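J.: Let's see this in three dimensions:
(2 chains)
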Protein chains: 2
Amino acid sequence: MKELLKDIYAVLEDVESYLHACSIISFDQQTVCPPDGMEQQGEVQAFLENKAFCLLKEEEFTRNTEKLYAGLDDLDNAYDRSLALMLHRTYLKKKNITPEMDKEFSLIINKAFVKWLEAKEKADFSIFEPSLSAIREMSVKETALREESLPLAYDNLLYDYEYGLGTKELDACFSICRERLVPLLQKIQNSPKKIRTDFLTRPVTDEQQKEMARYLLDVIGFDFRRGTFSTSEHPFTDGLGENDVRVTTNYDPNLFCSSIFSIVHEGGHALFELLQPKENFAHHISTRKTMGMHESVSRFYENRIGRSRAFIHLIFGKAKEIFADVLSDVTENEFYEAVNVVAPSLIRTDADEFTYIFHIMIRYELEKMILSGEAPIHDLPSLWNDKYEEYLGIRPSNDREGVLQDVHWTSGFGYFPSYAIGNMYNAMYFNRMQEDLDVDQKVASGDFASINAWMAEHVFKKADLLDPAEWIQDITGRSLTPDDFLDYLEKKYSEIYEL
Amino acid sequence: MKELLKDIYAVLEDVESYLHACSIISFDQQTVCPPDGMEQQGEVQAFLENKAFCLLKEEEFTRNTEKLYAGLDDLDNAYDRSLALMLHRTYLKKKNITPEMDKEFSLIINKAFVKWLEAKEKADFSIFEPSLSAIREMSVKETALREESLPLAYDNLLYDYEYGLGTKELDACFSICRERLVPLLQKIQNSPKKIRTDFLTRPVTDEQQKEMARYLLDVIGFDFRRGTFSTSEHPFTDGLGENDVRVTTNYDPNLFCSSIFSIVHEGGHALFELLQPKENFAHHISTRKTMGMHESVSRFYENRIGRSRAFIHLIFGKAKEIFADVLSDVTENEFYEAVNVVAPSLIRTDADEFTYIFHIMIRYELEKMILSGEAPIHDLPSLWNDKYEEYLGIRPSNDREGVLQDVHWTSGFGYFPSYAIGNMYNAMYFNRMQEDLDVDQKVASGDFASINAWMAEHVFKKADLLDPAEWIQDITGRSLTPDDFLDYLEKKYSEIYEL
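T.: Predicted structure coming up:
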């Protein structure tokens, strides 16, 4: 077994080198690459991804990984067991995909990103439409080719992001959410409580926002020797390596709170990467943590921490210093209420914590229909707009603020539910954390060392060793439920809106 | 021959993909990578470089390229002939280098860059010393292994940057420069002319400098769809591809003219890349243009154009607008004289146009001694300081402003003379251009389309088809001489200093 592992690691090391280069290129495309340079970058990236793909498809390697999987029970290291399992799952997924197909998929995805950028800039879905159709075709084709494919194409994609959670489970979760949140939203909208928001759109400079972002990353414990932050069209985090974790944000001159919460969100992703066990890197299996787990952490920092009274208390002084003109006539309580105002809006990433889940439900329903064929790609802009009207009572006036707003579909479908599941996870482990720590007190005093240490021990440590269902059970002793999240929303917003 | 070329191109395409990825990583390291992430990046880069190296070393490929070279006279396309010649030269250089050695060299270079960054930050040469020793050893070893190696190690390295120009030719050039410039510097220093420079060190913000940099790039005709500009420790230009040319600069809050001229310098490099024939990319031979040619262009834009009365006239209004506080009490003539003041200084990149060549002569003499063994690496800081005292009458107070100031030695020796040769080239072709265009009039009116078109036709077009001696002959009808450059300096500075 030891020899076998050694051979496998040798191949994986080369694979990692190729994929590391691809990640850098992708980061470069999203932050600095000039528009006309994108295409060549995409070709180079597809070339390197294909090299990695071919290594993983080599007969000797797949024979070795299947041998490893067969002897899984004899492995005494948990990381090695996890590696064996994940390699087996990858093997099943990729078994029937030829290198030519893989390269074709990469090219489709790379091109889609370029087209999406252009389409979004021009608010014209028709520019992106052919790429999105190609991505849909590719998704259907690719999932059907999987060994042990699930019957529904969409379930396969959902499993890629959150293993074990398909449409059946999500339908159940979201229907409870709908039942409890739709009437609550009505109550909130009918509440006579007036929340002051006039100052939220006062103009600020990029420099001010950048200073605030740096301060916030510092507060929550981001490590600037092992990480960096940049600007990009769509904020993201890239865990490039053990000592290289990058967050990005963007700056809206008329919406200074947008970058505040996006940087805390991305900072949460980054802490997950920075504070995980070193073995995750040494064992090349850092991919086992799911997007739902990752989003649970980012949204934990963004919302449970970031939008709490305690956190606002902690940062308000600095915010007043940096955004002096904007906040001169604003009290701490007004600021707290303003960043928690419930106001149906068009852009997901700017949504308030309460209505956010509606944005996800809309995308989930559309993705289900796209994959089943019920929703023709061509009709997506109007279907999208109809859903916004149905759930949130508002309608986008163009594609940029409608169907083109998210980058996610440039690489495929199935990601969005992770955001909602993340909220449910973190509500569960927040309640567990509360048993060990006085969270508000720690946050208000800026003691992120304690918070982060608890997260590292309970949430991060086994994320690469367990499937999501095992992981949330391990942290909380319970199975996934939306109840904790819904209880939290009810309590918080009833208080704010004096219901 | 057609089949042969096809096979060769197929390999070169893969090589280019690997090298493109390496360039992105290198760009990333110099602009955004967090300090602790550098090492892993270096390893990935070395891995990819080695892949490219191995492809170029494959028996079938080298057999093909030698076959192509043997039939060079039968090729009817000038680009193909040039390709055949360059592949042959590369073959001779690399023939005896094993992939293991190549990988070792890459690792040495990657590590050296990281160590240099740290050493410079701490102003401590001892941190960089072992790496620099390793680079010297590597250079000696590698040049000795070349098929058809020149007797002096240093000559081989000089030929890498400026084919055909070795120590014999450079000694001759520099001795004429010394003869004419040393007495001229004395006259200037004894001149009673007082040039006002107080405003040059007035504080400015990064944002102001960035705005000015963007304006200047726009003025000289930089294409923002095919290029971008960023910040880095040491300004550089990266011609990543046909549609992706990047310039960087850095911002000293107390020396606003530094970024002004560095961006025009890098902008010049970028124009060379952006305005060269498309065939250079299609034929994978964009490396034939030498560093001396490239520096001639960058320094043409920086000095011949950038520090001329005409250019200062063109940009002064905008400069006054952006740096309003700094320039409120400054006249256009004062600004012109200030950016042309002759003042021996420690930092090469901040040197004035006149004393710049002394910085190069110092490095040239030291490199000669390093390679011959006359100068032990350990003694470099003091040898460096002694030379500065000898030539410029000033002495660095620490290694950061002394021996550690330049990034170049992190990748080897032999580059610096290109800067001086570049000045000589551009003085020669400036005089030729003057026969066709009223340069001052074009510059003063902002008509860079005419200037750039002339450059594209006469200077850029054949840069990848000719050796340097042929190239300057083609442009000017004459062989390399320092005379035009020295005449220009004498005339310009005699006027400014009223000699």
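J.: Tell me the secondary structure at A:Gly239.
T.: What DSSP: H, G, I helix; E, B strand; the rest coil gives for A:Gly239 is strand.
J.: so which helix or strand takes in A:Thr248?
T.: Using DSSP states H and E, A:Thr248 falls within strand A:244-249.
J.: okay, the angle between that strand and strand A:237-241?
T.: In terms of direction (axes from the mean of the first three to the mean of the last three CA atoms, to 10 degrees), strand A:244-249 departs from strand A:237-241 by 170 degrees.
J.: elements contacting the helix or strand just after strand A:244-249?
T.: Downstream of strand A:244-249, the first helix or strand assigned by DSSP H and E is helix A:256-274. In terms of contacts (3 or more CB pairs under 8 Å, 6 or more residues apart in numbering or on different chains; DSSP states H and E), helix A:256-274 is packed against helix A:206-220, strand A:227-231, strand A:237-241, strand A:244-249, helix A:291-299. All C-beta spots, glycine's among them, are computed from the backbone N, C-alpha and C.
J.: Shouldn't A:Glu401 be within a helix?
T.: No. Looking at A:Glu401 with three-state DSSP, it is coil, so not inside a helix.
J.: A:Ser445: neighbouring residues, count only.
T.: Summarising burial for A:Ser445: neighbours were counted as other CB atoms under 10 Å in any protein chain shown, giving 13.
J.: Skipping its backbone neighbours, what lies nearest the residue in the stretch 1-150 of chain A positioned nearest to chain B in space?
T.: Per CB to the nearest CB, A:Gly37 is where the stretch 1-150 of chain A lies closest to chain B, at 2.8 Å. Once flanking residues are discounted, A:Gly37 sits nearest to B:Asp244: 2.8 Å by CB to CB, 6 or more residues apart in numbering or on different chains.
J.: Buried ones in the lowest-mean-pLDDT helix or strand in chain A, by neighbour count?
T.: Ranking every helix and strand in chain A by mean pLDDT, DSSP states H and E puts helix A:279-282 at the bottom, with a mean of 76. Within helix A:279-282, the residues scored as buried using 16 or more other CB atoms under 10 Å in any protein chain shown are A:Glu279, A:Asn280, A:Phe281.
J.: What is that helix packed up against?
T.: Counting contacts by 3+ CB pairs under 8 Å, 6+ apart, helix A:279-282 is packed against helix A:78-94.
J.: For stretch A:363-374, output the C-alpha coordinates as CSV.
T.: Extracted C-alpha coordinates of stretch A:363-374, given in CSV (Å, rounded to 0.1, in the frame of the first residue of the first chain):
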residue,chain,number,x,y,z
ARG,A,363,-32.0,30.3,-9.5
TYR,A,364,-32.7,26.8,-8.2
GLU,A,365,-36.1,26.6,-9.8
LEU,A,366,-34.6,27.9,-13.1
GLU,A,367,-31.7,25.5,-13.1
LYS,A,368,-34.1,22.6,-12.5
MET,A,369,-36.1,23.8,-15.5
ILE,A,370,-33.0,24.4,-17.7
LEU,A,371,-31.6,20.9,-17.1
SER,A,372,-35.0,19.2,-17.6
GLY,A,373,-35.5,21.2,-20.8
GLU,A,374,-38.6,22.8,-19.5
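J.: just checking, the residue of the stretch 1-150 of chain A closest to chain B touches B:Asp238?
T.: No. Using CB atoms under 8 Å, A:Gly37 makes no contact with B:Asp238, being 10.8 Å away.
J.: Next, count neighbours for A:Glu273.
T.: The tally of other residues near A:Glu273 (other CB under 10 Å) stands at 26.
J.: Report pLDDT for it.
T.: On pLDDT, A:Glu273 comes in at 94.
J.: Tell me the spatial nearest neighbour of it, not counting adjacent residues.
T.: Nearest non-adjacent residue to A:Glu273, counting by CB to CB, 6+ apart: A:Gly239, 3.7 Å away.
J.: count of neighbours near the closest residue to chain B within the stretch 201-350 of chain A?
T.: Chain B sits closest to A:Asp244 of the stretch 201-350 of chain A, with a gap of 2.8 Å, by CB to the nearest CB. By the measure other CB under 10 Å, the count of residues near A:Asp244 is 28.
J.: Just to check, it is in contact with B:Gln40?
T.: Yes. The pair A:Asp244 / B:Gln40 is scored as a contact, 6.4 Å apart, by CB under 8 Å.
J.: SS state for A:Ser494?
T.: helix.
J.: distance of it from B:Tyr429?
T.: With the distance defined as CB to CB, to the nearest Å, A:Ser494 ends up 77 Å from B:Tyr429.
J.: ok, now A:Ile357?
T.: In this view, A:Ile357 and B:Tyr429 are 66 Å apart by CB to CB.
J.: One more: A:Glu457?
T.: Distance from A:Glu457 to B:Tyr429, counting by CB to CB: 68 Å.
J.: Neighbour count: those two, which is higher?
T.: Neighbours per residue (other CB under 10 Å) separate A:Glu457 from B:Tyr429, with B:Tyr429 holding more: 23 against 13.
J.: Give me the pLDDT value at the closest residue to the more buried one other than its chain neighbours.
T.: Spatial nearest neighbour of B:Tyr429, chain neighbours left out: B:Ile475 (5.0 Å); criterion: CB to CB, 6+ apart. With respect to pLDDT, B:Ile475 scores 98.
J.: In contact with B:Ile475, which residues are there?
T.: For B:Ile475, the contacting residues are B:Met428, B:Tyr429, B:Arg432, B:His458, B:Val459, by CB atoms under 8 Å, 6 or more residues apart in numbering or on different chains.
J.: ok, it to A:Val247 distance?
T.: 49 Å.
J.: Was I right to think A:Phe27 contacts A:Gly241?
T.: No. If you go by CB under 8 Å, A:Phe27 and A:Gly241 don't touch, sitting 11.8 Å apart.
J.: Columns pLDDT on top of the contacts of B:Ile475, output as JSON lines?
T.: JSON lines is the format used below for the contacts of B:Ile475 (pLDDT from 0 to 100):
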{"residue": "B:Met428", "pLDDT": "98"}
{"residue": "B:Tyr429", "pLDDT": "98"}
{"residue": "B:Arg432", "pLDDT": "98"}
{"residue": "B:His458", "pLDDT": "98"}
{"residue": "B:Val459", "pLDDT": "98"}
